[in-house]
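**Student:** Sharing a model prediction with you, sequence too.
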Amino acid sequence: MNIMKKITFILLFSVLIYGINTCSSSDDDEPIIEDTFTISLSNSSISFDDLIVNASATKDITITNTGNQDINISSITVPTGFSVNPTTTTILPNNDEIITVTFLPTEIKSYSGALTITSNATNTPGISNNGNGIAPTYAANIAPITTARCISCHGNTPSNGAPMSLTSLANVKDAIENRGLVGRVENGTMPPSGSDLTTAQIQAIKDWQANGFQ
């Protein structure tokens with residue numbers, strides 16, 4: 001009887017030790033998943049086309065959360081001449097956020113600098129921005145306005161009571177300097193029918209005048 005008890009004890013002890021070893025081995029084999037905080041950007045740089053002063057253009061950038069934890073962006077900053085929206089956001093793992101960069105030159109010069117993202121990400125990719133503010137020219141910026149909005153009355157042979165032609169640089173320059181063209185488009189008396197010129201179109205005419213009617 002004592003022998004049977006000893007055998008039973010040995011068997012139970014063996015099963016217990018086997019179970020402990022099995023559990024320990026299983027726990028040791030489980031991978032340890034570390035928290036990761038990383039992002040990637042769709043662009044490393046943004047180049048805007050030459051843009052007349054006081055006009056604007058936009059481009060989008062996608063920020064992707066490539067880690068397994070939330071990315072909290074506390075600020076996004078851009079250099080002078082650019083703006084960005086949004087400037088703060090939270091991005092969940094495997095999700096994206098689209099931000100919009102606007103280029104708005106106010107001077108005739110080159111603009112450049114870095115878009116900087118401040119966040120809890122362990123990597124800090126940046127984006128370089130560049131663009132040129134240029135003066136409007138008659139051929140590129142003014143003639144398209146007068147052709148679309150003025151020529152029906154102010155053609156080579158003016159009609160509908162129009163006092164002058166607006167078909168050439170010299171004509172438009174004279175209308176601005178001597179006939180109050182800017183004031184007329186600002187107060188809406190020109191064009192006499194249809195929609196008024198847009199704020200951007202009026203500003204282009206003013207900037208063209210300010211920069212010497214090129």
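**Tutor:** Sure thing, it's come through.

**Student:** is it true that residue 72 touches residue 90?
**Tutor:** Yes. Here residue 72 reaches residue 90: they are 5.3 Å apart, a contact under C-beta atoms under 8 Å. Where you see a C-beta, it was placed from the backbone N, CA and C, and this is true even at glycine.

**Student:** And the spatially closest residue to residue 185 that is not a sequence neighbour, what's its pLDDT?
**Tutor:** Leaving aside its sequence neighbours, residue 185 sits nearest to residue 197 (C-beta to C-beta, 6 or more residues apart in numbering; 4.9 Å). In the predicted model, residue 197 carries a pLDDT score of 91.

**Student:** And residue 197, how close does it get to residue 121?
**Tutor:** To residue 121, residue 197 is 46 Å away according to C-beta to C-beta, to the nearest Å.

**Student:** Contacts only, for residue 47.
**Tutor:** 130-131 (C-beta atoms under 8 Å, 6 or more residues apart in numbering).

**Student:** Give the bridge partners for it, please.
**Tutor:** Beta bridges link residue 47 to residue 130 when assigned by DSSP bridges.

**Student:** if I look at it, how far off is residue 183?
**Tutor:** 38 Å.

**Student:** swap in residue 139?
**Tutor:** From residue 139 to residue 183 the distance is 24 Å (C-beta to C-beta).

**Student:** Repeat that for residue 92.
**Tutor:** With distances taken as C-beta to C-beta, residue 92 is found 54 Å from residue 183.

**Student:** Same check on residue 137?
**Tutor:** Taking C-beta to C-beta, one finds residue 137 at 23 Å from residue 183.

**Student:** more neighbours, the two?
**Tutor:** Legend: neighbour count by other C-beta atoms under 10 Å for residue 137 and residue 183, higher for residue 137 (16 against 11).

**Student:** you'd agree the more buried one is up against residue 208?
**Tutor:** Yes. The criterion here is C-beta under 8 Å, and residue 137 meets it with residue 208 at 7.3 Å.

**Student:** what touches both of these two?
**Tutor:** Common neighbours of residue 137 and residue 208, using C-beta under 8 Å, 6+ apart, are residue 214.

**Student:** quick check, residue 114 in a helix?
**Tutor:** No. Under DSSP: H, G, I helix; E, B strand; the rest coil, residue 114 sits outside any helix and is assigned strand.

**Student:** How about the contacts made by residue 42?
**Tutor:** 61-64.

**Student:** What is the nearest of these to residue 97?
**Tutor:** residue 63 (4.8 Å; C-beta to C-beta).

**Student:** Could you find the closest non-adjacent residue to that closest one?
**Tutor:** Nearest residue to residue 63 in three dimensions, chain neighbours excluded: residue 97, at 4.8 Å (C-beta to C-beta, 6+ apart).

**Student:** which residues does residue 79 contact?
**Tutor:** Here residue 79 is in contact with 111-115, 129 (criterion: C-beta under 8 Å, 6+ apart).
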